[in-house]
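Undergrad: Starting from these lines, generate the structure:
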Amino acid sequence: PMGLPMGPPMGPSMGPPMYNTLHGGAYQMASMDSASHPGASHLQNVPPPPSGDIGQLQQQMHQLSVNQWGQPIGPVPPAPNASAHAGFAPGAVPGGTDGAAGSKLKSAAMPRPCSMEPRCGAPRDLFRRHSSPPAPPPSSNADYVGVDEGSAIPRFLRMSSSCIATTTALQAKSGIPFGAVLVPFASVEACEPAPPEIDLRSTAGGGPLRCQRCLAYANPGFRFTNGGAKFECNICRMLNDTPSEHMSPIDPVTGARVDSASRPEFRCGSVDYIVGSLDYCGRAPRAASYAFVIDVSSPSVQSGLALAAISAVRFILSNADALL
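TA: Got it, this is the predicted structure:
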């Protein structure tokens, strides 16, 4: 379509104006000579734009660098550098070899995880935390079999560092963050025993044995003294009185509780407590209540959705013991 030509008025030796589409929908005028372009001879009879104030408007638009629609006209942006767009410095080779001078990327120093991991189908390692000599914990993506020998396996508890500083000053000097990742009720492998369950739902049980100051749970690190009447917490070193429901004689030779074989919390690093005492309940334990909400609107009744939902609820209630 014809429009207002851009730029200064064209001379008599120049051909009719042609409009080339640029980026962003802007238009820019380009002149061509009919002698240089064989297909422009038919444009010689194109009437020029109306005279009057058009020439002044053309000059104003050319100064503002806009076209007849008010869209800015600018130079075509250069094509982006492929190497810079990919995140590599100019001259660097993505394959790992050094490119430009002064590059600090050394391909030989880059880690190769595949060389550190066992090949597919290799036997799984057996991880024992208290082995001799002590073995470092397996990596987070390693395929291993953990053995609970009084400390939780890494599936339940993993420290940020396998070497723990003995003093606060040494920890601050090392600059290594110290923390732990806890995963309660983590899934174990098929060949690993599940954590033992300790049923304490009796209200007279008093709940699990815990330190009165730091609230640490009973674990193989608790040390009982005075014939079992007191125990020392291995977390905060507080000496606690042993409740009567957790009293047990002490073996004079080993210093361990006599009932350790029947009390998993004193020989395993991970246990699951089933509690029901008032220490863990705001009220006396009672059966759970269930509420079923059914859409009984006209479309739901007409489509049969309400009847299907009622039938499903009746089936669940009649088979609650097997399903819940």
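Undergrad: Please count neighbours and contacts with C-alpha atoms only from this point.
TA: Fine.
Undergrad: For the residue lying closest to residue 156 once chain neighbours are set aside, give me phi and psi.
TA: Leaving aside its chain neighbours, residue 156 sits nearest to residue 183 (4.8 Å; criterion: CA to CA, 6 or more residues apart in numbering). Main-chain torsions, residue 183, degrees, to the nearest 10: phi -130, psi 90.
Undergrad: What is the burial count for residue 183?
TA: Using other CA atoms under 10 Å, residue 183 has 12 neighbouring residues.
Undergrad: need the contact list for the residue nearest to residue 161 when sequence neighbours are not counted.
TA: Of all residues not flanking residue 161 in the chain, residue 178 sits nearest, at 6.7 Å (CA to CA, 6+ apart). With contact taken as CA atoms under 8 Å, 6 or more residues apart in numbering, residue 178 is in contact with 159-161.
Undergrad: does residue 171 count as helix, strand or coil?
TA: Here residue 171 is recorded as helix under DSSP: H, G, I helix; E, B strand; the rest coil.
Undergrad: for the stretch 51-200 of the chain, what spans make up the helices?
TA: Assigned by DSSP state H, counting those that start in this stretch, the helices in the stretch 51-200 of the chain fall at 54-64, 82-85, 113-116, 168-174.
Undergrad: what's the least confident stretch among the ones you listed?
TA: Of all the helices of the stretch 51-200 of the chain, mean pLDDT reaches its minimum on helix 82-85 (a mean of 43).
Undergrad: one step back: now, the contacts of residue 178 that are in strands?
TA: Using DSSP state E, residue 159 are the members of the contacts of residue 178 that sit in strands.
Undergrad: Go through the contacts of residue 178 and say which is closest to residue 253.
TA: Among those, residue 159 lies closest to residue 253 (CA to CA), at 33.3 Å.
Undergrad: Roughly how far does the nearest residue to the closest one once chain neighbours are set aside sit from residue 236?
TA: Spatial nearest neighbour of residue 159, excluding adjacent residues (CA to CA, 6+ apart): residue 180 at 4.3 Å. Counting by CA to CA, to the nearest Å, the separation of residue 180 from residue 236 is 18 Å.
Undergrad: got it, and residue 173?
TA: Separation of residue 173 from residue 236 (CA to CA): 24 Å.
Undergrad: Between those two, tell me which one has more neighbours.
TA: residue 236 (12 against 9).
Undergrad: Secondary structure element holding the closest residue to that one other than its chain neighbours?
TA: In this structure, residue 236 finds its nearest non-sequential neighbour in residue 214, 6.6 Å apart by CA to CA, 6+ apart. Secondary structure from DSSP states H and E places residue 214 outside every helix and strand.
Undergrad: let's have the chain start at 23 instead
TA: From this message on, residue numbering opens at 23, which makes the last subject residue 236.
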